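**Student:** sequence and predicted structure are below.
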Amino acid sequence: MKEIVIISGKGGTGKTSITAAFAMLAGNNAVIADCDVDAADMHLLLEPDFSHAEDFYSGFKAVIDQQKCTKCGKCKQVCRFDAVQKNDDSYTVTPMDCEGCAYCAEVCPAAAIQMVEQNVGKWYISKIKSQTEMVHAKLGIGADNSGKLVAKVKKEAKNVALQTGKDLILVDGSPGIGCPVVSSLSGADYVILVTEPTLSGFHDMKRVFELIQNFHLSSGCIINKYDVNVEIAEKIHDFCETNSVDHIANIPYDETFTAAMTEGKTIIEFDDGNLTNILKDSWKKILLLTDSH
């Protein structure tokens, strides 16, 4: 089983649009995993049916039982995050400030504090319009543990692939270099960097490349909107060549991408011209590169 992960150093590079196009090209030969759980939006293009949904629990928050609380105030004294507040004659925990360290529960002489596991989001297994399965999720507003939710999505995607006999998993990873990206890269066979020819795009691409190196993963690069700044695009190309990053494609700036998104379609469904041909050639090249590494 092969796992292809598509990431970007920053948001707005077109990563998800390109991944959705590849998902359509892969058809029912691949399981799709949307690991951009903090801002999941691939469902807007792939029309999942949300047929299977489960809550995701991760992390703990302190809750004070007012009936048992003796109002000694030790919990407030030891809380380094100022999550425990005194209101009139009672102590309460502000959930957004609580880090779940459980120190307050340890020092409470009346055992009045319980650590309650948190529901931080949902994960889904859906059928999508390419007639394959997609595993995706949504992290709750202000919730932590996005890295753990990404790990859950990847684990379930692998289970689905095994159950359905698929030998390819296509992962839409989070932008940046944080915990969700690290979790997205775990277990990958090949990584695709989607970047844009701007100073920030090039800078952030180099940062995420350093992260990929720590995993000793083979990678390729797609320069989206390359003709917006040809000079920087050439620098990105030189960087790839110097660092043994496969150059997969240059995609020109084209408002057809926006028009397709407005209609809730991938570029493969919406356009039968140059963009689709570039993406088809890119997908064929990616499959060959994945097999060769």
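**Tutor:** Perfect, thanks for sending it.

**Student:** average pLDDT across the strand or helix carrying Val135?
**Tutor:** Using DSSP states H and E, the element containing Val135 is strand 133-139. Mean pLDDT, strand 133-139: 94.

**Student:** same deal with stretch 207-226?
**Tutor:** 94.

**Student:** could I get that stretch in PDB with only the CA atoms?
**Tutor:** Output in PDB follows, covering the C-alpha atoms of stretch 207-226 (Å, rounded to 0.1, in the frame of the first residue of the first chain):
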ATOM      1  CA  ARG A 207      10.800  25.400   5.900                       C
ATOM      2  CA  VAL A 208       8.400  22.500   5.200                       C
ATOM      3  CA  PHE A 209      11.200  20.900   3.100                       C
ATOM      4  CA  GLU A 210      13.400  20.900   6.200                       C
ATOM      5  CA  LEU A 211      10.600  19.000   8.000                       C
ATOM      6  CA  ILE A 212      10.400  16.500   5.200                       C
ATOM      7  CA  GLN A 213      14.100  15.900   5.400                       C
ATOM      8  CA  ASN A 214      13.800  14.900   9.100                       C
ATOM      9  CA  PHE A 215      11.500  12.100   7.900                       C
ATOM     10  CA  HIS A 216      13.900  11.100   5.200                       C
ATOM     11  CA  LEU A 217      11.000  11.200   2.600                       C
ATOM     12  CA  SER A 218      11.200  11.500  -1.100                       C
ATOM     13  CA  SER A 219       9.300  14.500  -2.400                       C
ATOM     14  CA  GLY A 220       8.200  16.400  -5.500                       C
ATOM     15  CA  CYS A 221       7.100  19.900  -6.200                       C
ATOM     16  CA  ILE A 222       4.200  21.600  -8.000                       C
ATOM     17  CA  ILE A 223       4.600  25.300  -8.600                       C
ATOM     18  CA  ASN A 224       1.100  26.700  -8.900                       C
ATOM     19  CA  LYS A 225       0.500  30.100 -10.600                       C
ATOM     20  CA  TYR A 226       4.100  30.000 -11.700                       C
END
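
**Student:** counting neighbours, which bits of it end up buried?
**Tutor:** 208-209, 211-212, 218-226 (16 or more other Cβ atoms under 10 Å). For the C-beta atoms, the positions are set from N, CA and C on the backbone; glycine is no exception.

**Student:** from Ala137, how far off is the spatially most central residue of the chain?
**Tutor:** The structure's the chain has its C-alpha centroid closest to Asp36; by Cα atoms, centre = their mean the separation is 2.4 Å. For Asp36, the distance to Ala137 (Cβ to Cβ, to the nearest Å) stands at 9 Å.

**Student:** Gln66: how many residues sit nearby?
**Tutor:** Gln66 is flanked by 11 other residues according to other Cβ atoms under 10 Å.
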